[in-house]
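Trainee: turn this into a structure:
(chains A and B)
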Amino acid sequence: MPSLDDLRKRITSVKSTQKITKAMKMVAAAKLRRAQEMAEKGRPYSDKMNLIIQNLSRSINDPANAPKLLIGTGEDKTHLCIVMTADRGLCGGFNTNICKLAKNYFNKIIKESKNLKIITVGTKGHDQLKRDYNKYIIKKISLKDKKKISFQDAESIGKEIVKLFQNNEFDKCIIFFNKFKNVMTQIPQVHQVIPAKNDSDQKEDQPSSYEYEPEEEEILEDLLPKNISTQIYKGFLENSASEQGSRMTAMDNATRNAGDLVEKLTINYNRSRQAAITKELIEIISGAESL
Amino acid sequence: MSEKFSLEIISPENILIKDQVSSAIIPAFEGEMTILPDHVSLITFLRPGIVKFTGSKEAEYFLEEGIVEFSKNSLILLSSTVLDVKKLTKEKIAKMIDDCKSQLSKNDIDDKISYMISHKTEVLTRIN
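Mentor: Numbering: from 1, shown residues only, chains lettered A, B, ... in the order given. Presented below is the predicted three-dimensional model:
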């Protein structure tokens, strides 16, 4: 049984923790609104870009000559995985969820004895992955000191990836990020960016009657690297919204738990205080009786 | 025949402009292009230049690169560098021109990039 003094100390300590988590929740809520707005505003760009690429790839007549970024190298040996996580912790299962998904994928690839290359974006992901997969990590990118991620940041990463691809460093490129659904739920996503062509949506709509200037291939040549940057930027936006949402829920839970704990401790405290009083009374009464 | 068509300029961060316009001049890769309502469906990309259109009011924007799609009377411009010409100051333009010149003076750039940059310089000098 802890003494009264101990209980009192514990209550104050839990209360001050509660204050911190509450403040963090408020901050996350404010940041979330901004991040969510940005994610929503950024969607039209990537959606339209995707639409144009789909239109273009449908109208390519000679698949053998199509840009490699679209159809791939034809091989499936080396996979480049880009794992996007946050730079800060204390946001619930946010980082762990991405890493779990990524690890599953890594194990599958290693089992099939394919080559694996990893680029981590964000320090938390790197911390979690470096223990088991350190030898596969070829680069880590940290955007810790950036307050706001601009398109230029995404572009520079995109360019690097394209350069690696042109040097035949990998055949497939996959990005992992959390898609923001709502404040409570974030869905970890696997998204393949290279090759851009998706085998699953082979639905043939009406043949597009676009006029291209210059030729389709030339436009694609220009468009595909941009598309990669756009996808990465989209990942960033979704991720930052998810991070804040996740942190907000986690901190909300923490605040509530702290409240519960304070309540329990207070009851305990009162009980032991009463017990002490009763004990003292019994002592006095029995002392008086024995006289 | 519809007299106007919708124009959207979208950057990765935002939808910058959404307007009904009667005509738009865009700096397509192979030369300037005027888009009027009921233009044939088209996909092309841009070189550095000025987009000019007459909507609720006349406006000009400087774009460094971008992709254009026109279909069913809606023109969509995707670009990551969009600058309002009216808000550009002389010093800013002069600095951009200097940047271009220093890039051009390097020898290791290929023809396409040098074409783009020299074009950018030309356009910037004209509006300066």
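
Trainee: close to chain B, is the helix or strand hosting residue A:285?
Mentor: Element membership for residue A:285 (DSSP states H and E) is helix A:216-289. Yes - Helix A:216-289 is in contact with chain B by Cβ under 8 Å from any Cβ of the partner chain, via A:219, A:222-223, A:226, A:230, A:233. Backbone N, C-alpha and C define where each C-beta goes, glycine included.

Trainee: do the same with stretch A:16-35
Mentor: No - judged by Cβ under 8 Å from any Cβ, stretch A:16-35 stays clear of chain B, getting no closer than 12.0 Å.

Trainee: just the strands in the chain please.
Mentor: No chain was given, so I picked chain A. For chain A, the strands defined by DSSP state E occupy A:78-84, A:115-121, A:137-141, A:172-180, A:186-194, A:211-213.

Trainee: if you could check chain B rather than the one you did, that'd help
Mentor: With DSSP E as the criterion, chain B has strands spanning B:5-11, B:14-21, B:23-28, B:31-35, B:42-46, B:49-54, B:58-63, B:66-71, B:74-78, B:82-84.

Trainee: with mean pLDDT as extra columns, can I get those in CSV?
Mentor: Listed next are the strands of chain B as CSV, based on pLDDT from 0 to 100:
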stretch, mean pLDDT
strand B:5-11, 89
strand B:14-21, 86
strand B:23-28, 88
strand B:31-35, 87
strand B:42-46, 85
strand B:49-54, 86
strand B:58-63, 85
strand B:66-71, 87
strand B:74-78, 89
strand B:82-84, 84
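
Trainee: tabulate those (JSON lines), appending mean neighbour count.
Mentor: Below are the strands of chain B laid out as JSON lines (neighbours: other Cβ atoms under 10 Å in any protein chain shown):
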{"stretch": "strand B:5-11", "mean neighbour count": "21"}
{"stretch": "strand B:14-21", "mean neighbour count": "16"}
{"stretch": "strand B:23-28", "mean neighbour count": "20"}
{"stretch": "strand B:31-35", "mean neighbour count": "14"}
{"stretch": "strand B:42-46", "mean neighbour count": "21"}
{"stretch": "strand B:49-54", "mean neighbour count": "20"}
{"stretch": "strand B:58-63", "mean neighbour count": "18"}
{"stretch": "strand B:66-71", "mean neighbour count": "22"}
{"stretch": "strand B:74-78", "mean neighbour count": "21"}
{"stretch": "strand B:82-84", "mean neighbour count": "16"}
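
Trainee: as CSV, the ones you listed with distance to chain A would be great.
Mentor: What follows is those, written out as CSV (distance: least, Cβ to the nearest Cβ, whole Å):
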stretch, distance to chain A
strand B:5-11, 5
strand B:14-21, 5
strand B:23-28, 6
strand B:31-35, 8
strand B:42-46, 4
strand B:49-54, 15
strand B:58-63, 14
strand B:66-71, 5
strand B:74-78, 6
strand B:82-84, 11
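
Trainee: if we can go back for a sec, now the strands of chain A as JSON lines including mean pLDDT?
Mentor: Below are these laid out as JSON lines (pLDDT from 0 to 100):
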{"stretch": "strand A:78-84", "mean pLDDT": "90"}
{"stretch": "strand A:115-121", "mean pLDDT": "89"}
{"stretch": "strand A:137-141", "mean pLDDT": "88"}
{"stretch": "strand A:172-180", "mean pLDDT": "89"}
{"stretch": "strand A:186-194", "mean pLDDT": "87"}
{"stretch": "strand A:211-213", "mean pLDDT": "78"}
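
Trainee: same list (the ones you listed) but as a markdown table, adding mean neighbour count and distance to residue B:68.
Mentor: A markdown table is the format used below for these (neighbours: other Cβ atoms under 10 Å in any protein chain shown; distance: least, Cβ to Cβ, whole Å):
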| stretch | mean neighbour count | distance to residue B:68 |
| --- | --- | --- |
| strand A:78-84 | 23 | 29 |
| strand A:115-121 | 22 | 31 |
| strand A:137-141 | 16 | 32 |
| strand A:172-180 | 23 | 27 |
| strand A:186-194 | 19 | 23 |
| strand A:211-213 | 16 | 9 |
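
Trainee: which one of the ones you listed lies nearest to chain B?
Mentor: Checking those against chain B by Cβ to the nearest Cβ gives strand A:211-213 as the closest, at 4.4 Å.

Trainee: direction included, what does that closest one pair up with?
Mentor: strand B:42-46 (parallel) (DSSP bridges).

Trainee: what's the angle from the partner strand to strand B:23-28?
Mentor: Angle of strand B:42-46 versus strand B:23-28, following axes from the mean of the first three to the mean of the last three Cα atoms, to 10 degrees, is 60 degrees.
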